[in-house]
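*Asks:* Pasting the sequence and the predicted model now:
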Amino acid sequence: MKKNKDKEEDPSKIADSMERWFLIAFVLFGLWGLFYGAKDFVSFTKGYFNKIENRDSKKTLCAEEISNVKNELAAKKLYQACMNR
């Protein structure tokens, strides 16, 4: 009779082990989410700052492009069109 009792586990022990597995899974998914969130944040900030650098170089190119336009209104429109490209 004692052998049967040894084979059957106490339900509270099963519940405790399940709680541990859920906790481990929760922590792993949390770390996974943090990793990909940080990765996306880094790529976003790199893209943002690259956009600013490209904008500065674009300003120079557009200013050179309109340097020989005589009409101020036409120069302004060309500059805006160049910056929006």
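*Replies:* Cool, got the structure. As the structure is a prediction and not an experimental result, all values here were calculated from the model.
*Asks:* Next SSE downstream of the helix or strand Thr60 falls within?
*Replies:* Assessed by DSSP states H and E, Thr60 sits inside helix 11-65. Next helix or strand after helix 11-65 toward the C-terminus (DSSP H and E): helix 72-84.
*Asks:* Give the other helices and strands that that next one contacts.
*Replies:* Contact here means 3 or more Cβ pairs under 8 Å, 6 or more residues apart in numbering; DSSP states H and E; on that basis helix 72-84 packs against helix 11-65. Any C-beta I mention is one placed from the backbone N, CA and C, and that applies to glycine too.
*Asks:* can you give me how far the helix it packs on is from the chain middle?
*Replies:* 4 Å (Cα atoms, centre = their mean, to the nearest Å).
*Asks:* can you check stretch 46-66 too?
*Replies:* That offset, for stretch 46-66, works out to 23 Å (Cα atoms, centre = their mean).
*Asks:* Show residues contacting it.
*Replies:* 75, 78-79, 82-83 (Cβ atoms under 8 Å, 6 or more residues apart in numbering).
*Asks:* for that stretch, what is the average pLDDT?
*Replies:* Mean pLDDT, stretch 46-66: 79.
*Asks:* mind starting the numbering at 73 from now?
*Replies:* Okay, using 73 as the starting number, the last item reads as stretch 118-138.
*Asks:* So for that stretch, what gets flagged as buried?
*Replies:* Of the residues in stretch 118-138, 134, 138 count as buried by neighbour count, 16 or more other Cβ atoms under 10 Å.
*Asks:* pLDDT weak spots in this structure?
*Replies:* 73-81, 125 (pLDDT under 70).
*Asks:* Now with 80, please.
*Replies:* 73-88, 119-128, 157 (pLDDT under 80).
*Asks:* Which residues are in contact with the most centrally placed residue in the chain?
*Replies:* Of all residues in the chain, the one closest to the mean position by Cα atoms, centre = their mean is Asp112, 1.7 Å from it. Residues counted as contacts of Asp112 (Cβ under 8 Å, 6+ apart): none.
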